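>>> what's the 3D shape of this:
(2 chains)
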2 protein chains.
Amino acid sequence: MKADFINPFLISLLNVISTMAQLELKPGTPKRKVDEVARGDVSGLIGMVGPQHRGSLSISFEKGLALEIMRRMLGETATTINEDVTDMVGEITNMVAGGAKRMLDEKGYEFGMATPIIVSGPSHTITHGADGTKIMMPFESEYGRATIEICFE
Amino acid sequence: MKADFINPFLISLLNVISTMAQLELKPGTPKRKVDEVARGDVSGLIGMVGPQHRGSLSISFEKGLALEIMRRMLGETATTINEDVTDMVGEITNMVAGGAKRMLDEKGYEFGMATPIIVSGPSHTITHGADGTKIMMPFESEYGRATIEICFE
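Coordinates of the predicted model:
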């Protein structure tokens, strides 16, 4: 996968979190995911299907960061990953994929987006089944880490 | 969602597990998922995108059932949900969605399939973000339970 293809997802995540939660995530170093596994307490997943490419996107949040985004976006103080938090993670995933889709459209990559799925459970792991390179990128904040993973065939 | 639309997924799951693992799952009662949450130890998820409909499918397995399917499909005795097990769950999810897609095509519903994503982690929960009715259907076996969930807009 070219940077051309990956960057829209990273930019879109930074944009969405900055706009919706007034929180600036600090990008880490993107890695090809081989053995490394991202763990999160709540993750949003979305499938994308295009005429030439198909794949999936996931965004995993550590609990502390998910709750802080919740507090900032909705003014709600949650102490557990409840239904409001999973709804918010689904919404963020949708917005990140939608933003990336628009940028990719302009570059000539066309995609349809599936609907988001949200997974919760302490320290779960995500494996992307697409038969392509997996890119994993951590984002740090003082409240915890978010990790975006992208895999396209 | 009409039975017309749901049945292909249920039939396809029964077919795939019967063919690949010589294991007959016993269908339970389908439910509209409202508060009820399916828990699994390993789940395969896939997004589907069509011109009129889009949504997602998940199949969650309890650990004992996943390991038994593994043993029957590949003759491999695993004691934990390792990479081979997650690969197998991804493959099953792909086959179930592919089988349902073929049946839906014949009924005039056209879909593109995204690539599968596999989640592992003890007793995680799945929430489908699509803005439509969620159908959840448990399947029992002596090794543990599988739960299929379908949600389409």
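
>>> okay, which residue is most central for chain A?
By Cα atoms, centre = their mean, chain A has its centre lying nearest to residue A:59, at 2.6 Å.

>>> check contacts around that residue.
Residues near residue A:59 by Cβ atoms under 8 Å, 6 or more residues apart in numbering or on different chains: A:13, A:43, A:44, A:89, A:92, A:93, A:96, A:146, A:147, A:148, A:149. C-beta: built from backbone N, CA, C; applies to glycine.

>>> distance of it relative to residue B:138?
Using Cβ to Cβ, to the nearest Å, residue A:59 is found at 29 Å from residue B:138.

>>> what ranges of chain A fall below the confidence cut-off?
By pLDDT under 70, the low-scoring segments of chain A are A:1, A:33-36.

>>> and the closest residue in space to residue A:67 that isn't next to it in sequence, what does it touch?
For residue A:67, ignoring the flanking residues on the chain, the nearest one in space by Cβ to Cβ, 6 or more residues apart in numbering or on different chains is residue A:78 at 5.4 Å. Shown in contact with residue A:78 (Cβ under 8 Å, 6+ apart): A:67, A:70, A:71, A:84, A:85.

>>> just checking, the first one touches residue A:85?
Put plainly, it is residue A:67. Yes. With contact defined as Cβ atoms under 8 Å, residue A:67 and residue A:85 form a contacting pair (6.9 Å).

>>> how many neighbours does residue A:70 have?
21 (other Cβ atoms under 10 Å in any protein chain shown).

>>> where's it, which helix or strand?
Residue A:70 is part of helix A:63-74 when elements are defined by DSSP states H and E.

>>> next SSE after that helix?
Reading on from helix A:63-74 to the C-terminus, the next helix or strand found by DSSP H and E is helix A:83-106.

>>> residues in contact with that next one?
Identification of contacts with helix A:83-106 by Cβ under 8 Å, 6+ apart yields A:5, A:8-9, A:11-13, A:15-17, A:20, A:42-46, A:48, A:57, A:59, A:61, A:66-67, A:69-70, A:73-74, A:76, A:78, A:110-111, A:113, A:115-118, A:120, A:148, B:127, B:129.

>>> which ones among those map onto strands?
Using DSSP state E, the subset of the contacts of helix A:83-106 located in strands is A:42-46, A:48, A:57, A:59, A:61, A:113, A:117-118, A:120, A:148, B:127.

>>> if we ignore the residues flanking it in sequence, what's nearest residue A:4?
Using Cβ to Cβ, 6+ apart, the nearest residue to residue A:4 is residue A:107, at 6.4 Å.

>>> tell me the contacts of that neighbour?
A:4, A:5, A:8.

>>> need the contact list for the nearest residue to residue A:69 once chain neighbours are set aside.
Take residue A:69 and drop its neighbours on the chain: the residue closest to it by Cβ to Cβ, 6+ apart is residue A:21, 4.6 Å away. Each residue near residue A:21 by Cβ under 8 Å, 6+ apart is listed here: A:68, A:69, A:72, A:73.

>>> so how many other residues sit close to the last one?
Around residue A:73 sit 17 other residues, with neighbours defined as other Cβ under 10 Å.
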